[in-house]
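K.L.:
the following comprises the amino acid sequence and a computationally predicted model.
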Amino acid sequence: MNFKLKIWRQRDRQSPGQLVDYDAKDIPAQASLLEMLDIVNERLLLAGEQPIAFDSDCREGICGTCSLTVNGEAHGPDHPGAACELYMRKFRDGDRIVIEPFRVKSFPIVKDLIVDRSALDRIVQAGGFISARAGSAPEANSIPVPKHDADVAMEAAACIGCGACAAACPNASAMLFTAAKVSHLALLPQGEPERTKRVVGMVRAMDAEGFGNCTNTYECEAVCPAEISASFIAKLNREYSRASLKRSAGE
Amino acid sequence: MIGNLDPKVPSGSLDRKWTSQKDHGRLVSPNNRRTFEIIVVGSGLAGGSAAATLGELGYRVKCFCFQDSPRRAHSIAAQGGINAAKNYQNDGDSVYRLFYDTIKGGDFRSREANVYRLAEASVNIIDQCVAQGVPFAREYSGYLANRSFGGAQVSRTFYARGQTGQQLLLGCYSALCRQIAGGTVQMFPQTEMLDLVLVDGHAKGIVTRNLRTGRIDAHAADAVVLATGGYGNVFYLSTNARGCNVTATYRAYKKGALFANPCFTQIHPTCIPHSGDYQSKLTLMSESLRNDGRVWVPKRKEDCTKPPNEIPEKDRDYYLERKYPSYGNLAPRDIASRAAKEVCDEGRGVGPSGRGVYLDFADAIKRLGDETIRERYGNLFEVYEKITGEDAYKVPMRIYPAVHYTMGGLWVDYNLMSNVPGLFVIGEANFSDHGANRLGASALMQGLADGYFVLPYTLPNYLAVQMGKRSATDRTEFKEAETSVRAKIDKLLRVNGNRSLDSIHRELGTLLWDKCGMARNKTGLEEALGKIPELRERFWREVRVPGDGEDFNQSLERAGRVADFLEFAELMCIDALTRDESCGAHFREEHQTPEGEALRDDDNFAAVFAWEFQGNGQIAPPRLHREPLHFENVHLTQRSYK
């Protein structure tokens, strides 16, 4: 297959970037988008040009490293799935494909298609955990967890931390990411003791990182490779209101 | 071959050894802990859990990972589950049985005491993970659910959909985040360890490169913990993430740490078959699928090109069920992989390349319904559909073995310390618990056991006598290591040839897959040993690494790793050649039973082979050390799953 690529090139955070045209010829239909970029890079290298920098690691949609906007959509047109799970047979021969990094103010560009998503780590550091010291845990079956609760917690916990939710959101909001972690832990009895502190800390960190707010456009849910439901954002709002009320009541 | 290695296994009966070690090991008091700095390299299940736990205990920890966040370590990709001897199913499980299954699964090439401790710790791991909020699968009662895995006749595997590794890693990442926020752990993402620094023979620091800025730094500490995973990517194609590499452990080896059993590499039976040269990695389909999927190929070669649904039952060969009636489709990985290779070698493989077998869910769907299968394996079926474009609810999956895990690794004693004092090695990076073949759902168990429950007890035993011995990074040892790291980077950039890294790496991978893969023999290994140095020489003459060392340069990162793989591959082949027996995943064609199973030679090879680097920067034949394996609690038998 042959493609006309337009790819964002940017030397570093300070330099201006631009879209550059590349021809990708004779690409196997079974190749993934990232494998196509590997082929393009190999050709650039042998032609004495700088390869295109892009992030990836597991290449099976679970590590959350890849972070490409393809034809204007975070992770490209084949939802649900990360960019590494996008295969060229999903395109038509001769298609023009525009590849850019995730565009979020809180994810500064490092180089070409690579962004810095450490803001997401800092949100988790602000409370996205249960303080369970190794050695202090009770017998695992001593606290039964209703299957439904465990299943819903798992649905939220499946977040791969890629940041596509923020990239797709017109407000660059990381609410889906934050909501997934808050909901996962709030749904489990083990998360109860730190429930209030957690949601307040994480929401404050999210705001401090410069992410926007949710205005219910559902773009995040549409692009999420882990199919996290936007209803968790409603859960986050409830958790936050609950925490605020508890705090204002002096509890 | 020289003197035997001492694994420092405590005396006493098997079930008392770990307790006795904990009772008598030296301690570091809470006030003194903050005076110690510990370096942890790697943030997967082993490194992440170790860093978090040591931070919690009050040590000052520096944790390094090459990924942009510790949450992206490759443990995240583990699918099926984690074993633990909880016996929640009341089906006869116990610590002893988990120990025995693991020893037997490893074909009697692991250390009894380590494996027993692992089985003991397994129960605490589940408690710890549940307390952290890991959403394991549960039954309607609210209690934890289990599934079966290969090589066991009990159900002891805990799981979180097909994403168990992800959930365990996120649990451990959240514990790590808590310590980062608390200031006990300082995290260095996108930072790669490029050398180990020894001071007076002790591991006292590392040299790193910041992958984003290109900056080279030295870090001093009181002890160094390597948790840098396995070296499966030496084969180029594997189920490992693209970044997985041998660099940290190999460079420690070049500084004197012994590398044990490097030829023990696990080839996983259920992966999506290879489809072309453009391919950058292979994708695993969890072993848990073998609970409900049946593996088969056509009985006749002529049928191989027919659509599978048109091949009647009587013309199918369910070869695992036929050859191993008591374990059937749940035969251990090494055995299932070899059986697949065998039927494909006979010309009965399916799919375009002829290197594939069917994994068929039709019976399970008939028995349990689409919904149940979707609930159990839905995400795996989706992954399969994405990659192959086929719907496994309707046509059987096609699978073929692929490199997945490496049992070999740096040699460690019972305390998980290498022969270099102060250098600890945990998780897949060490060699200790899986012998010649790892059972499914045991890697996650080992990573977390080492990090949460073993290292926190054994590290203080070393530290207690190291008060005040940390050196500053301005010592010559650090400066020399920095200089040599810089020199190596300059050398890579100066080659300026006309070949891409990938093309050389692919060539190495193909050579190893053919000569040191699922089956090995003397002639093939000798041939590989002739070709690897040539390839290495070509690398240093022909490779092109663009850009410079002063900024973000992905080609340079990978070039350094490939350069190490090109040296390490030779060590693997030397080990495979020296181990003149078959055991577990190491199948020497010269040594097989009449039925084609691995034939061990316990008289000569019931030992760990640990290799010492020789030569001054140049590569000379490594020196072999042996650690004899003593089996006092299990009887060595021909492993049978029939």
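P.N.:
Yes, it's here.
K.L.:
burial count for B:Lys366?
P.N.:
Look at B:Lys366: counted by other C-beta atoms under 10 Å in any protein chain shown, it has 8 neighbours. The C-beta positions use only the backbone N, C-alpha and C, and glycine is treated the same way.
K.L.:
please give me every residue in contact with A:Ala186.
P.N.:
A:195, A:198-199, A:235, A:239 (C-beta atoms under 8 Å, 6 or more residues apart in numbering or on different chains).
K.L.:
most neighbours among these, please name it.
P.N.:
Top of those by neighbour count (other C-beta under 10 Å): A:Val199, with 29 neighbours.
K.L.:
relative to A:Ser183, how far out is the nearest residue to that one once chain neighbours are set aside?
P.N.:
Computed as C-beta to C-beta, 6 or more residues apart in numbering or on different chains, the closest residue to A:Val199 that is not its neighbour in sequence is A:Glu239, at 4.5 Å. Distance of A:Glu239 to A:Ser183, computed by C-beta to C-beta, to the nearest Å: 7 Å.
K.L.:
same check on A:Gly64?
P.N.:
18 Å.
K.L.:
okay, now the nearest residue to B:Thr265 once chain neighbours are set aside: neighbour count?
P.N.:
Once flanking residues are discounted, B:Thr265 sits nearest to B:Thr406: 5.1 Å by C-beta to C-beta, 6+ apart. Using other C-beta under 10 Å, B:Thr406 is surrounded by 31 other residues.
K.L.:
do the one 5 residues further on as well
P.N.:
In terms of burial, B:Trp411 registers 28 neighbours under the definition other C-beta under 10 Å.
K.L.:
try B:Val395
P.N.:
16.
K.L.:
same check on B:Ile103?
P.N.:
B:Ile103 has 26 nearby residues by other C-beta under 10 Å.
K.L.:
what residues sit buried inside the helix or strand containing it?
P.N.:
According to DSSP states H and E, B:Ile103 maps onto helix B:95-105. Of the residues in helix B:95-105, B:95-105 count as buried by neighbour count, 16 or more other C-beta atoms under 10 Å in any protein chain shown.
K.L.:
and the nearest residue to B:Leu330 once chain neighbours are set aside, what does it touch?
P.N.:
Excluding its sequence neighbours, the residue lying closest to B:Leu330 (C-beta to C-beta, 6+ apart) is B:Gly150, at 4.9 Å. Contact partners of B:Gly150, counting by C-beta under 8 Å, 6+ apart, are B:287, B:290, B:327, B:330-333, B:336, B:439-440.
K.L.:
can you flag which of these belong to helices?
P.N.:
B:333, B:336 (DSSP state H).
K.L.:
am I right that A:Tyr218 is in contact with A:Ile228?
P.N.:
No: if you go by C-beta atoms under 8 Å, A:Tyr218 and A:Ile228 don't touch, sitting 11.7 Å apart.
K.L.:
compare those two and say which is more crowded by neighbours.
P.N.:
A direct count of neighbours by other C-beta under 10 Å for A:Tyr218 and A:Ile228 places A:Ile228 higher, at 25 against 15.
K.L.:
okay, now the closest residue to that one other than its chain neighbours: neighbour count?
P.N.:
Distances taken as C-beta to C-beta, 6+ apart put A:Ala180 closest to A:Ile228, at 5.0 Å, once the chain neighbours are dropped. When neighbours are counted by other C-beta under 10 Å, A:Ala180 registers 27.
K.L.:
secondary structure element for A:Ala180?
P.N.:
helix A:175-186.
K.L.:
that helix: how far from the chain's middle?
P.N.:
Taking the mean of its C-alpha atoms, helix A:175-186 sits 13 Å from the chain's own mean (C-alpha atoms, centre = their mean, to the nearest Å).
K.L.:
mind giving me the packing neighbours of the helix or strand just after it?
P.N.:
For helix A:175-186, the following helix or strand on the C-terminal side (DSSP H and E) is helix A:195-208. Here helix A:195-208 touches helix A:118-125, helix A:175-186, helix A:231-248, going by 3 or more C-beta pairs under 8 Å, 6 or more residues apart in numbering or on different chains; DSSP states H and E.
K.L.:
can you state the direction angle for helix A:195-208 and helix A:175-186?
P.N.:
When axes from the mean of the first three to the mean of the last three C-alpha atoms, to 10 degrees is applied, the directions of helix A:195-208 and helix A:175-186 differ by 170 degrees.
K.L.:
from the middle of its chain, how far away would helix A:195-208 be?
P.N.:
19 Å.
K.L.:
what comes up buried for that helix?
P.N.:
Quick answer for helix A:195-208 (16+ other C-beta under 10 Å): A:195-196, A:198-203, A:205-206.
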